[in-house]
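A.B. asks: Just need the structure, nothing else, for what follows:
(chains A and B)
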Amino acid sequence: MTLGSVPSKFKVSIDRDQCMDCGRCIENCSYGVYRREGDKILIESRKCTGCLRCVAMCPRDAITLTEKPIDYRSHPLWTREVREDIIKQARSGKIILSGMGNARDLPVVYDRLLLDACQVTNPSIDPLREPMELRTYIGKKPSKLNFRKTESGDVELETKLAPNLKLNTPIMIGHMSFGAISLNAQLSMAKAVTELGTYMGTGEGGLHRDLYPYQDHMVVQVASGRFGVNIDYLERGAAIEIKIGQGAKPGIGGHLPGEKVNEEVSRTRMIPVGSDAISPAPHHDIYSIEDLVQLIRSLKEATEWKKPVFVKIAAVHNVAPIAAGIARSSADAVVIDGFRGGTGAAPKVFRDNVGIPIEVAIASVDQKLREQGVRNEISIIASGGIRSSADLAKSIALGADAVNIGTAALVALGCRVCGNCYRNLCPWGIATQRPELVSRLDPERGAVQVSNLIKGWTYELSELMGAAGINSIESLRGNRDRLRGYMLDEEMLKILDVLPAGA
Amino acid sequence: MKTVKIDARGMHYTPLNQKIRAAVADGAEEIILDNILGQRFIGDGLRGNVRIIVNGVPGGDLGMFMSGPTCIVHGNAEHAPGNTMDKGMLVIHGSAGDAVAHSMRGGKVFIKNNIGYRGGIHMKQYDVEARPILVVGGTAHSFLGEYMAGGLVLVLGIGKDKAMTDRGIGSGIHGGEIILRGEVDDFLLGVGAKKFKFTESDLERIAPTIKNFCEQFGYDPAEFLDTNYTKIGPASSRPFASKYVWE
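C.D. replies: Numbers count the residues shown, from 1 in each chain, chains lettered A, B, ... in the order given. You can find the predicted model right below:
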């Protein structure tokens, strides 16, 4: 091998004075970094992924981990990453796959948007003593309401309302399939959303029978592979989402490698054990916007128009007209997934280069739907790199009804964003189907952690709203007056429809 | 047998399906739909063992998500009959459009004449019972059995010189089998598809399906019960595995 090896990504060391030789690092590392030889724990740093499981479990804080311990000659263009990718492809001639979301150091628009607060002229509100209305209804709203007077003189609503999801907080958990993540990870999140009165997505992996008790809080997904989809599945979900695209890999399909398709995954997806689960790039019954309407209506017709149907698209250059097309179909909500959205596996070139930021996508979709006079009829759900309650508040001020979180919920379960989700070795029991690893994640405790995170963000959102003198989420939605851009260029401010700081 | 007749002239598909569901709930064993003209989603998500006779030309997605019923169409069918169907049977006394039996997981779709593009695309099977079958009496257009993950696609080429003349047969196939009457030119095969010899044991396996098909349309099965077929299956169960390297 003339190319030789590339430098190790991490350097792991143990402070031998601190170490009590308990061996927890050996037990916990599923990547095989540690091993015992004689009376010594030996380290193989090259195997380390930086998942920090050993660091988290070491009772003596004896482990130190350094990223990129060996430098390349520095170069602004030919970065380490660029050089290593070339070496990998020179070796293999293949497409480079990667995990988690976009790993490039591109400017984050959220971080250049600042929120408003009241001073003197308009009193701020204390959410401790004033009610804060965070309840959000996701689904189709009528363009107008008709009323009728009954004989007794009462007023009755004549307009037939479409089914909506009732959210106690505008935070939902996005679609991460059973297969990509473990059943215990799904169970943790399902218990949390049920307790909090919000929703999570099943992903395109079917609905495992252990999740049936939480089905009223699950949005079932219909994607191009149609895994796990039958009439029973559609009827169980609180809503149905058609997945057209995903922010981490717009324009392409995906596949769950056969080795992750064990007995349970096979039963839930309804495919044979060990078979690759391939989702084609398009839905092969949707080749046009008219065909999308047909799929939406077929799902509604199958479930007797009792379930809202969402359509999820990746945020791409033309996202606004595409969303407008969706808004004019029978869809109840459009889900937009930004280019920073996470994934179990995506070609690196897609993950890092395709799509646009969710911040601009929300603003341009909201703007387009308002221009066309249909924004009030359909909900917008935003996802793809929502990291905090600040990102949440800014998303709503830019025009979203609610957000989907993904990576943030996994971090609440222990994920350290090491990005090795595709290896089936996740030491935190999240992105794995290995029973001994999955059992590390206790769904009861996991549920508490996820629910704590959403509660914390919800409190913070009420505080942010109160500080801005807003007591209802509806008054924050699309309220760009409460945002200012900081160090954003004029064109970007125009697209976001936000004034610069100081204006 | 309890029979219910519905005159569908000028009726939208939603009230039509509501009437069908109500009839099934009421214990109907046979439902006759007269004057069908383009109504989509007939039998969409319908369960049970009812037999539906469609007189006319139904619209797209006939029998989508259907789980159990039998639906017999005296006419042609549009786009994607049997889409994501689970159980039951569709019998079309005519031709059908594109994406017939798309993602079908179980049951049977029998088409007397021809089908459009992408027939049997992404059909998949789960266990022995959930093994979808698509039989086409005439011929099919390109991408037959594309991305197929299980089940059986059989094309008989009745009245044709060759069962298939369009390309891309079984592109991306990673499970199941496509069986075509007679010889098939190599250049018609899609990426990842491979020809296999059609043996006596294959014939034994598909003979009940051939008989079943012939029964529906009044053909004599004897003329199809030989080994003059070509079997096409996956070159590998992991067609894309060699395309990728990890970060």
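A.B. asks: Pull up the residues of the stretch 351-500 of chain A that are close to chain B.
C.D. replies: A:419, A:422-423 (CB under 8 Å from any CB of the partner chain). To be clear about C-beta, it is placed using only N, CA and C from the backbone, and glycine gets the same treatment.
A.B. asks: Please convert those residues to CSV, extending it with pLDDT, neighbour count and secondary structure.
C.D. replies: Shown next, in CSV, are these (pLDDT from 0 to 100; neighbours: other CB atoms under 10 Å in any protein chain shown; DSSP: H, G, I helix; E, B strand; the rest coil):
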residue, pLDDT, neighbour count, secondary structure
A:Gly419, 92, 22, coil
A:Tyr422, 88, 23, helix
A:Arg423, 89, 19, helix
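A.B. asks: For B:Met164, state which of the residues you listed is nearest.
C.D. replies: Comparing those against B:Met164 with CB to CB places A:Tyr422 closest, at 37.4 Å.
A.B. asks: residue contacts, the closest one?
C.D. replies: Neighbouring residues of A:Tyr422 by CB atoms under 8 Å, 6 or more residues apart in numbering or on different chains: A:97, A:99, A:257, A:344-345, A:431, B:246.
A.B. asks: Not including adjacent chain positions, what is the nearest residue to it?
C.D. replies: Nearest non-adjacent residue to A:Tyr422, counting by CB to CB, 6 or more residues apart in numbering or on different chains: A:Ala345, 4.1 Å away.
A.B. asks: Surely that neighbour and A:Ile95 touch.
C.D. replies: No. Look at A:Ala345 against A:Ile95 with CB atoms under 8 Å: they stay out of range, at 11.0 Å.
A.B. asks: out of these two, which sits in the more crowded spot?
C.D. replies: A:Ala345 (26 against 14; other CB atoms under 10 Å in any protein chain shown).
A.B. asks: And that one, what's its pLDDT?
C.D. replies: We have a pLDDT of 86 for A:Ala345.
A.B. asks: OK, now which residue of chain B is nearest to chain A?
C.D. replies: Going by CB to the nearest CB, chain A is nearest to B:Gly45 of chain B, at 3.0 Å.
A.B. asks: I'd say that residue and A:Lys300 touch.
C.D. replies: No. Counting by CB under 8 Å, B:Gly45 stays clear of A:Lys300, with 10.0 Å between them.
A.B. asks: ok, and the closest non-adjacent residue to the closest residue to chain B within chain A?
C.D. replies: Residue nearest to chain B within chain A: A:Ala302 (3.0 Å; CB to the nearest CB). Spatially, and ignoring its direct neighbours in sequence, A:Ala302 is nearest to B:Gly45 (3.0 Å; CB to CB, 6+ apart).
A.B. asks: Distance of that neighbour relative to A:Ile240?
C.D. replies: Distance of B:Gly45 to A:Ile240, computed by CB to CB, to the nearest Å: 12 Å.
A.B. asks: go on, A:Arg440?
C.D. replies: 33 Å.
A.B. asks: got the contact list for A:Ile125?
C.D. replies: Contacts for A:Ile125 (CB under 8 Å, 6+ apart) come out as A:132, A:465-467, A:469-471.
A.B. asks: try it again with 7 Å
C.D. replies: A:466, A:469, A:471 (CB atoms under 7 Å, 6 or more residues apart in numbering or on different chains).
A.B. asks: Which of the three states applies to the first one?
C.D. replies: Put plainly, it is A:Gly466. The three-state label given to A:Gly466 by DSSP: H, G, I helix; E, B strand; the rest coil is helix.
A.B. asks: Return the distance of B:Gly30 relative to A:Leu234.
C.D. replies: Careful, residue B:30 is Glu; it's not Gly. From B:Glu30 over to A:Leu234 (counting by CB to CB), the distance is 26 Å.
A.B. asks: more neighbours, those two?
C.D. replies: The neighbour comparison of B:Glu30 against A:Leu234 (other CB under 10 Å) goes to A:Leu234, with 21 against 16.
A.B. asks: Go ahead and confirm that one touches A:Met218.
C.D. replies: No. In this structure, A:Leu234 is not within contact of A:Met218 by CB atoms under 7 Å, at 11.7 Å.
A.B. asks: beta partners of A:Ala239?
C.D. replies: Here A:Ala239 sits in beta bridges with A:Val219, going by DSSP bridges.
A.B. asks: can you give me the helices in chain B?
C.D. replies: For chain B, the helices defined by DSSP state H cover B:13-25, B:200-217.
A.B. asks: just so I know, which of those lies nearest A:Ile396?
C.D. replies: helix B:13-25 (34.7 Å).
A.B. asks: Check which residues of that closest one are buried.
C.D. replies: B:13-14, B:16-17, B:19-21, B:23-24 (16 or more other CB atoms under 10 Å in any protein chain shown).
A.B. asks: what do you get for stretch A:42-56?
C.D. replies: A:43, A:48-55.
A.B. asks: more neighbours, A:Arg440 and A:Ile240?
C.D. replies: More crowded of A:Arg440 and A:Ile240, by other CB under 10 Å: A:Ile240, with 25 against 20.
A.B. asks: Can you check the pLDDT for the more buried one?
C.D. replies: pLDDT at A:Ile240 comes out at 98.
A.B. asks: OK, contacts around it?
C.D. replies: Going by CB under 7 Å, 6+ apart, the list of residues near A:Ile240 reads A:220, A:222, A:234, A:299, A:307, A:309.
A.B. asks: repeat for B:Ser142
C.D. replies: B:117, B:166-168.
A.B. asks: Show me what from chain B comes close to chain A.
C.D. replies: B:13-14, B:17, B:40-41, B:44-45, B:47, B:60-61, B:64-65, B:67, B:80, B:83-84, B:86, B:99, B:102-103, B:105, B:118, B:121-122, B:124, B:126, B:130, B:147, B:149-150, B:174-175, B:237-238, B:240, B:243-247 (CB under 7 Å from any CB of the partner chain).
A.B. asks: Do I have it right that A:Gly197 meets A:Asn168?
C.D. replies: Yes. With contact defined as CB under 7 Å, A:Gly197 counts as touching A:Asn168 (3.6 Å).
A.B. asks: doesn't A:His255 fall inside a strand?
C.D. replies: Yes. Assessed with three-state DSSP, A:His255 lies in a strand.
A.B. asks: ok, which stretches of the stretch 51-200 of chain A are strands?
C.D. replies: A:63-67, A:95-98, A:113-115, A:136-138, A:147-149, A:155-157, A:165-167, A:171-175, A:200-201 (DSSP state E, counting those that start in this stretch).
A.B. asks: same question but for chain B, I mixed them up
C.D. replies: According to DSSP state E, chain B carries its strands in the segments B:3-7, B:30-37, B:51-57, B:67-74, B:87-92, B:108-111, B:133-136, B:149-155, B:175-181, B:193-196, B:229-234, B:244-246.
A.B. asks: right, so of those, which gets closest to A:Glu371?
C.D. replies: Using CB to CB, the nearest of the strands of chain B to A:Glu371 is strand B:30-37, at 37.8 Å.
A.B. asks: buried residues in that closest one?
C.D. replies: Here strand B:30-37 shows B:30-33, B:36 as buried, counting by 16+ other CB under 10 Å.
A.B. asks: Now pLDDT too, for those, in CSV please.
C.D. replies: CSV is the format used below for the buried residues of strand B:30-37 (pLDDT from 0 to 100):
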residue, pLDDT
B:Glu30, 98
B:Ile31, 98
B:Ile32, 98
B:Leu33, 98
B:Ile36, 98
